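>>> one predicted model, sequence on top.
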Amino acid sequence: MTYVVSTSRLSKNLSGKNILSDVNLHIKKGEIYGLLGLNGAGKTSVMKLLTGLWKPTEGVIELFGERLITGDCKSKKRIGSLIDYPIFYEKLTARENLELHCAYMGYHDHRSIDEALALVGLTVEGAKTVKSYSLGMKQRLGLARAISTRPELLLLDEPINGLDPVGLKNMRNLISALSKEYGMTVFLTSHLLRELELIANTIGVIREGKLIREVAMENIQRDWTEYIELVTKDVVKAVSILSNKLEMCNFKLINESTIRIYDLSLPQPEKIVRTLILNGVDIGEIRRKNQTLEDYFLNLLQGSGDT
Ligand SMILES: Nc1ncnc2c1ncn2[C@@H]1O[C@H](COP(=O)(O)OP(=O)(O)OP(=O)(O)O)[C@@H](O)[C@H]1O
């Protein structure tokens with residue numbers, strides 16, 4: 001499969017500290033990919049590397065199927081980005097700010113500026129100077145600037161930070177529309193699972209500079225949130241049978257009498273139970289359960305999930 005963005009063993013070291021280690025990202029054309037991580041996990045650092053603001057210490061970045069070379073402007077023209085707090089020329093109007101940006105990027109179809117301002121709901125305010133803008137308006141203007149050159153790839157670092165509930169919903173609708181109606185590939189970061197869960201097709205989980213999982217939201221329910229909980233006095237024996245006879249590795253010891261078995265597609269749950277009983281494991285209780293998406297991601301974010 002070809003990806004709009006892929007990285008291979010991407011690493012960044014700053015002042016002797018590994019900020020990112022061996023990050024392998026895979027972002028498909030047209031999808032909304034959400035990078036989820038706690039504060040300080042490395043989300044902004046990934047953005048800075050993808051936009052060329054930082055140079056990788058090690059590893060490779062491919063954008064649109066081509067290796068990103070430092071100083072290369074070709075791929076930059078195909079990307080719109082909103083990283084950190086957006087800075088504008090405060091004394092100029094919003095529209096003038098976008099015109100300057102388009103000129104700088106070599107994009108000369110100014111219809112896209114009106115379209116961008118309309119999409120973020122700033123058509124009327126576009127004629128006002130930016131110094132009169134509120135924080136939320138500047139955030140929206142930042143997005144308008146990012147899409148004013150009609151990019152194929154949109155990189156948004158924490159675009160929902162500081163937005164009120166109405167602003168949040170509008171931003172979510174807008175990002176979905178950019179993906180569905182304009183075919184843009186969107187890569188955004190957030191520490192809010194709920195927000196990503198509502199719009200992302202794929203979620204990547206980053207923890208302490210490592211990308212520990214990429215999951216397609218359509219598969220997540222089936223593959224990761226269902227499990228069997230087995231209660232037995234013979235946990236040691238049960239674990240040995242699961243590993244050695246059934247060749248399973250996707251299970252977790254919860255306490256001295258409880259095991260959680262994930263990945264129920266292979267082998268069938270009935271086979272697991274039959275094999276345990278035939279090998280003399282005394283099963284106290286067995287039940288099929290679902291963990292919530294929140295539990296699933298919290299495990300990954302906080303480190304109790306497997307890597
Ligand atoms: N310029 C820098 N020099 C040294 N360390 C840095 C620099 N920028 C970021 N870091 C460190 O890199 C790590 C990752 O930071 P980063 O900003 O990428 O995380 P983040 O996931 O975006 O966090 P947040 O959600 O708080 O913005 C942090 O430990 C941070 O202190």
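Alright, I've got the coordinates.

>>> put the alpha carbons of stretch 185-193 into PDB.
Extracted C-alpha coordinates of stretch 185-193, given in PDB (Å, rounded to 0.1, in the frame of the first residue of the first chain):
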ATOM      1  CA  THR A 185      -5.800  13.700   4.000                       C
ATOM      2  CA  VAL A 186      -5.900  15.000   7.500                       C
ATOM      3  CA  PHE A 187      -3.300  14.200  10.300                       C
ATOM      4  CA  LEU A 188      -4.200  15.800  13.600                       C
ATOM      5  CA  THR A 189      -3.000  15.400  17.200                       C
ATOM      6  CA  SER A 190      -4.900  15.500  20.400                       C
ATOM      7  CA  HIS A 191      -4.800  14.300  24.000                       C
ATOM      8  CA  LEU A 192      -8.600  13.900  24.000                       C
ATOM      9  CA  LEU A 193      -9.600  10.400  23.000                       C
END
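
>>> any idea how far it is from the chain center?
Here stretch 185-193 shows a centroid-to-chain-centroid distance of 5 Å under the convention CA atoms, centre = their mean, to the nearest Å.

>>> stretch 212-225 now?
13 Å.

>>> can I get it in PDB, CA atoms only?
Extracted in PDB, the C-alpha atoms of stretch 212-225 (Å, rounded to 0.1, in the frame of the first residue of the first chain):
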ATOM      1  CA  ILE A 212       2.900   2.000  20.300                       C
ATOM      2  CA  ARG A 213      -0.100   1.200  18.100                       C
ATOM      3  CA  GLU A 214      -2.000   2.200  15.000                       C
ATOM      4  CA  VAL A 215      -5.600   1.000  15.000                       C
ATOM      5  CA  ALA A 216      -8.300   1.400  12.300                       C
ATOM      6  CA  MET A 217     -11.400   2.500  14.100                       C
ATOM      7  CA  GLU A 218     -13.600   0.100  12.100                       C
ATOM      8  CA  ASN A 219     -11.700  -2.900  13.400                       C
ATOM      9  CA  ILE A 220     -11.100  -1.800  16.900                       C
ATOM     10  CA  GLN A 221     -14.300  -3.100  18.400                       C
ATOM     11  CA  ARG A 222     -13.900  -6.500  16.900                       C
ATOM     12  CA  ASP A 223     -10.100  -7.000  17.400                       C
ATOM     13  CA  TRP A 224      -9.300  -5.200  20.700                       C
ATOM     14  CA  THR A 225     -12.200  -4.500  23.000                       C
END
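
>>> helices of the stretch 201-307 of the chain, residue ranges please.
217-220, 235-240, 269-278, 293-302 (DSSP state H, counting those that start in this stretch).

>>> tell me which of those helices sits nearest to R194.
Nearest to R194 among the helices of the stretch 201-307 of the chain is helix 293-302; the distance by CB to CB comes to 8.1 Å. Just so you know, the C-beta spots here come from the backbone N, C-alpha and C atoms, and that holds for glycine as well.

>>> for that closest one, buried residues please.
293, 296-297, 299-301 (16 or more other CB atoms under 10 Å).

>>> if we can go back for a sec, export the helices of the stretch 201-307 of the chain as TSV, with columns for mean pLDDT and distance to A41.
Formatted as TSV, the helices of the stretch 201-307 of the chain follow (pLDDT from 0 to 100; distance: least, CB to CB, whole Å):
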stretch	mean pLDDT	distance to A41
helix 217-220	80	20
helix 235-240	94	32
helix 269-278	89	35
helix 293-302	81	8
